[in-house]
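Peer 1: fold the stuff below for me.
(one chain, ligands or ions: 1)
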Amino acid sequence: MRIAIASDHAGFEQKQALVDYLAQDLGCDVMDFGPDTDDRVDYPDYAEKVAHAVASGDADRGVLVCGTGIGMALAADKVPGVRASSITRPDFADLFRRHNDGNVVCLSGRFIEPEVNREIVKVFLETEFEGGRHAERVGKVMRLDA
Ligand code: RB5
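Peer 2: Numbering: from 1, shown residues only. Modelled structure (predicted):
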């Protein structure tokens with residue numbers, strides 16, 4: 001699976017660790033959109049890169065990390081075709097996939113421990129969308145993109 005990932009300065013340290021986790025432990029093809037240092041940057045610039053990679057089909061899923069995950073989710077979800085949310089619990093990651101067909105998970109680098117974020121990412125990547133009645137609802141959500 002091809003995964004696009006990026007962060008801002010507040011998510012940089014956890015993003016670096018997740019790049020290794022995704023490649024080495026989960027066997028993903030990782031597209032790291034930066035940054036390369038923890039210098040201060042603006043989260044929308046990095047959300048945009050990952051969101052476009054997912055929306056274009058270059059990446060199968062996206063992972064974004066900022067201080068809370070909230071700013072990244074707000075920005076990424078503006079890009080048509082992207083379903084992004086801030087996720088702070090593995091069970092929410094499960095429902096985000098099964099019910100919402102989420103394709104970009106946004107994590108908190110400041111308030112959530114690395115082992116919890118690793119589990120969130122694992123669940124996010126390994127859980128299938130249920131379809132059925134949820135497909136109709138997601139279709140209604142996606143029509144709001146227009
Ligand atoms: C940066 O200080 C912080 O605002 C950012 O990482 C993020 O949490 C925004 O939602």
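
Peer 1: residues contacting Val54?
Peer 2: The contact partners of Val54, taken as CB atoms under 8 Å, 6 or more residues apart in numbering, are Ala4, Asp60, Arg61, Gly62, Gly81, Val82, Asn103, Val104. (C-beta placed from N, C-alpha, C; glycine too.)

Peer 1: out of the residues you listed, give me the one that has the most neighbours.
Peer 2: Gly62 (31 neighbours; other CB atoms under 10 Å).

Peer 1: could you list every helix and strand in contact with the host helix or strand of that residue?
Peer 2: When elements are assigned from DSSP states H and E, Gly62 belongs to strand 61-66. Using 3 or more CB pairs under 8 Å, 6 or more residues apart in numbering; DSSP states H and E as the contact criterion, the neighbours of strand 61-66 among helices and strands are strand 2-7, helix 12-20, helix 43-56, helix 70-76, strand 104-108, helix 114-126.

Peer 1: wait, which of the contacts of Val54 is closest to Ala146?
Peer 2: Closest to Ala146 out of those is Gly81 (11.3 Å), distances taken as CB to CB.

Peer 1: possible to save the helices and strands packed on strand 61-66 as a markdown table with distance to Arg143 and mean pLDDT?
Peer 2: Output for those, formatted as a markdown table (distance: least, CB to CB, whole Å; pLDDT from 0 to 100):
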| stretch | distance to Arg143 | mean pLDDT |
| --- | --- | --- |
| strand 2-7 | 25 | 99 |
| helix 12-20 | 32 | 98 |
| helix 43-56 | 16 | 98 |
| helix 70-76 | 19 | 98 |
| strand 104-108 | 19 | 99 |
| helix 114-126 | 24 | 99 |
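
Peer 1: could you say which of those is packed most deeply?
Peer 2: For the helices and strands packed on strand 61-66, ranked by mean neighbour count under the definition mean count of other CB atoms under 10 Å, the leader is strand 104-108 at a mean of 28.

Peer 1: that strand and the ligand in contact?
Peer 2: No - between strand 104-108 and the ligand, judged by CB under 6 Å from any ligand atom, nothing touches; the nearest distance is 7.3 Å.

Peer 1: now that strand, how far from the centre of its chain.
Peer 2: Put simply, strand 104-108 sits 4 Å off its chain's centre (CA atoms, centre = their mean, to the nearest Å).
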